[in-house]
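pasting the sequence and the predicted model now:
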Amino acid sequence: MTAQAASTQALLSIRDLRVSYGPTEVVHGISLDVFPGEIVSLIGSNGAGKTTLLRSLYGVPRAKSGSIIFAGEDLSQVPTHQVAKRGLSLVPEGRRIFSGMSVLENLKIGQTSRADPAGAEEDLEWIYQMFPRLKERSAQRAGTLSGGEQQMLAIGRSLMARPRLLLLDEPSLGLAPLVVRSIFETLRTVAAQGMTIFLVEQNAHQALRLAHRAYVLSTGRISLEGPGQELLKNPEVKAAYLGGH
Amino acid sequence: MYVLGQQLVNGLVLGATYGLIAVGYTMVYGIIGMINFAHGDVYMLSAYLTAIALAVLSYWGLHSPWLLIVISLLFAMALTSLIGVVIERLAYRPLRKANRLAPLISAIGVSLILQNYVQLSQGARNQGVPTLIDGAFRFGNEQHFFQVTYNQLLIVVVAFFSMLGLNLLVSYTALGRACRATQQDREMAQILGIPADRVIAAVFAMGAAMAAVAGVLITLNYGSFDFSIGFVTGIKAFTAAVLGGIGSLPGAMLGGILLGLAESLFSGFVNSDYKDVFAFALLVSILIFRPSGLLGKPVVEKV
Ligand SMILES: Nc1ncnc2c1ncn2[C@@H]1O[C@H](COP(=O)(O)OP(=O)(O)OP(=O)(O)O)[C@@H](O)[C@H]1O
Ligand SMILES: [Mg+2]
């Protein structure tokens, strides 16, 4: 346990979480913590259960057992549409922007769960500053954006909620290295302004470099955890997730 | 020439009412992917609600036609919205996770219940309401003319502003955005905090309210109705929705106008006894040759 763990209360604290699809258990008892102000990454290969873990925070699917404590409250029975109000916001795998709506409308959908609707204008400016592309294309149909722009939009949409915890599921998926780098740069900026981030990735290199702490998920179990920089040097991680570099 | 003019006027008026009802089919289909076969009967109920409102109001001594129309409209819209929401809650929501046939059968059941309830409680015979507005604009000379009655003008004007209002609501308000988001990706909408169940209920309310606008206007125009009017009118409005592209709001409006015009021209120039058959034949041919309708997206085959 880090010094931080001893002094502060975790923002998100997952204990012995088990999740299954029908009879097939996919997440076999995971425990992890995310502390306020941290960037925590979770890396794992295809089918390890990363998306399942994130989605179970929203009850789709519901956890079979274990607890999901967010800011002192157990989320495991909260209805899907009420989770966002508690202060979580998910940038989902595959982005899932509303392609028939304009960029601006997508961002406005994001503000649905804000605690302070009055601050939305200001945050819109903040997001437009981070992603000038979105500002230029604010009236454009979101479905016509490039992949990278759609990912920016998905992140912007989540930030419009002013969440206490930003969850990201493979934001690098299908994007060119240059675009990935710029997206991770933005995450760093957002984190520097005090946002807590929990990032799930297959792109272990980028994710570990960004993270304060990281977990490795192998077929539904946490196999390793530690500071991001340390895991980057870990021989097991190098062999399995960093392609031996 | 004058016959053509008259049939075009009649067609436009008829089409406007089809469009108002078609909106309910298309919005419900858009958001939960089911055909609400009880929608025509919600329209039928609004005819009875109009009669009730008019009777009560004139009993209270209210005789200004404009006030009567406005209050009947608001009364019928409010009550049918409520009925629409209750139908969704009781008959469709519990079946949301069932296979696609179950809600369809449930809808047919609701339709039968509404018809039978009205038949038993109000009687099977024709009911009527008094004429509130008389008169017409005439175009032409003594022998040859076509006319637009004030009632017809009222229908077109009110239908136009109702459609405009609905379009503005769907395009520019938070509720409208929530509807469209829920329609495209319900789960993602919920993850972002949109209460999808409430949004779906709101869509039923909006669709029912638009059907009530049509119901009040048609009732005031024709004066008579019975418990079974929802069936044929409902299927025609459904045809209009399919013609325009089911799921598309502008499509429903366009489909309504086109169907109204087509039906009116057919009955004016070909045969008025077969106008319903004509509408059904049109429905069947659209389903065969262009199931996505005029403004709908091509139907993607799901495997
Ligand atoms: N809806 C579902 N129904 C049944 N099984 C599922 C479902 N979704 C995922 N699974 C299974 O659960 C396991 C974990 O999937 P999950 O999507 O969580 O993995 P992941 O770590 O996110 O993988 P990836 O990196 O490819 O996104 C896989 O074996 C997958 O086949
Ligand atoms: Mg995944």
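Okay, I see it. Ligands and ions are numbered 1, 2, ... in the order given.

near chain A, which residues of the stretch 51-200 of chain B?
For the stretch 51-200 of chain B, the contact set with chain A under CB under 8 Å from any CB of the partner chain comprises B:174, B:177-178, B:180-181, B:184-185, B:187-196. Placement of C-beta: from N, CA and C, glycine included.

buried by neighbour count, from these: which ones?
The neighbour-count criterion (16 or more other CB atoms under 10 Å in any protein chain shown) marks B:177-178, B:180-181, B:184-185, B:187-196 among those as buried.

taking the residues you listed one by one, which sit in helices?
B:177, B:178, B:180, B:181, B:184, B:187, B:188, B:189, B:190, B:191, B:196 (DSSP state H).

could you dump the residues you listed to a markdown table with pLDDT and distance to residue A:217?
Formatted as a markdown table, the entries for these read as follows, by pLDDT from 0 to 100; distance: CB to CB, whole Å:
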| residue | pLDDT | distance to residue A:217 |
| --- | --- | --- |
| B:177 | 96 | 35 |
| B:178 | 97 | 34 |
| B:180 | 95 | 35 |
| B:181 | 96 | 31 |
| B:184 | 94 | 31 |
| B:187 | 97 | 23 |
| B:188 | 97 | 23 |
| B:189 | 97 | 28 |
| B:190 | 98 | 25 |
| B:191 | 98 | 21 |
| B:196 | 96 | 30 |
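
do you know how far whatever residue of chain B ends up closest to chain A is from residue B:186?
Going by CB to the nearest CB, chain A is nearest to residue B:193 of chain B, at 3.1 Å. Residue B:193 sits 13 Å away from residue B:186, taking CB to CB, to the nearest Å as the criterion.

just the closest residue of chain B to ligand 1, please.
Residue nearest to ligand 1 within chain B: residue B:187 (11.2 Å; CB to the nearest ligand atom).

my guess is that residue contacts residue A:60. True?
Yes - between residue B:187 and residue A:60 there is a contact at 6.3 Å, judged by CB atoms under 8 Å.

what residues do the two have in common as contacts?
Counting by CB atoms under 8 Å, 6 or more residues apart in numbering or on different chains, the shared contacts of residue B:187 and residue A:60 are residue A:80.

quick one: stretch A:25-35 near ligand 2?
No - on the criterion CB under 5 Å from the ion, stretch A:25-35 is out of touch with ligand 2, staying 11.0 Å away.

please identify the buried residues of that stretch?
A:26, A:27, A:30, A:32, A:33, A:34, A:35.

try stretch B:122-132
B:127, B:129, B:132.

need those in JSON lines (columns: secondary structure and pLDDT).
Listed next are these as JSON lines, based on DSSP: H, G, I helix; E, B strand; the rest coil; pLDDT from 0 to 100:
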{"residue": "B:127", "secondary structure": "strand", "pLDDT": "89"}
{"residue": "B:129", "secondary structure": "coil", "pLDDT": "90"}
{"residue": "B:132", "secondary structure": "coil", "pLDDT": "88"}
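
what segments of chain A are strands?
Using DSSP state E, the strands of chain A run over residues A:12-21, A:24-34, A:39-43, A:65-70, A:73-74, A:88-91, A:165-169, A:196-201, A:213-218, A:221-227.

of those, which approaches chain B most closely?
Nearest of the strands of chain A (CB to the nearest CB): strand A:88-91, 5.5 Å.

now the closest one - C-alpha only, PDB.
Only the C-alpha atoms of strand A:88-91 are listed here, as PDB (Å, rounded to 0.1, in the frame of the first residue of the first chain):
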ATOM      1  CA  LEU A  88     -18.600   8.900 -12.900                       C
ATOM      2  CA  SER A  89     -18.300   9.400 -16.600                       C
ATOM      3  CA  LEU A  90     -17.400   6.700 -19.100                       C
ATOM      4  CA  VAL A  91     -15.700   7.200 -22.500                       C
END
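
re earlier: could you export the buried residues of stretch B:122-132 as CSV, including distance to ligand 1?
Below are these laid out as CSV (distance: CB to the nearest ligand atom, whole Å):
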residue, distance to ligand 1
B:127, 53
B:129, 55
B:132, 58
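
check contacts around residue A:113.
Per CB under 8 Å, 6+ apart, neighbours of residue A:113: A:84, A:85, A:89, A:161, B:192, B:193.

turn these into CSV, columns for distance to ligand 1 and pLDDT.
Putting the contacts of residue A:113 into CSV (distance: CB to the nearest ligand atom, whole Å; pLDDT from 0 to 100) gives the following:
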residue, distance to ligand 1, pLDDT
A:84, 20, 97
A:85, 25, 96
A:89, 18, 98
A:161, 22, 97
B:192, 20, 98
B:193, 22, 97
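
which of these sits closest to residue B:73?
Nearest to residue B:73 among those is residue B:193, at 34.2 Å by CB to CB.

the closest one against residue A:86, yeah?
No - between residue B:193 and residue A:86 there is no contact under CB under 8 Å: 9.6 Å.
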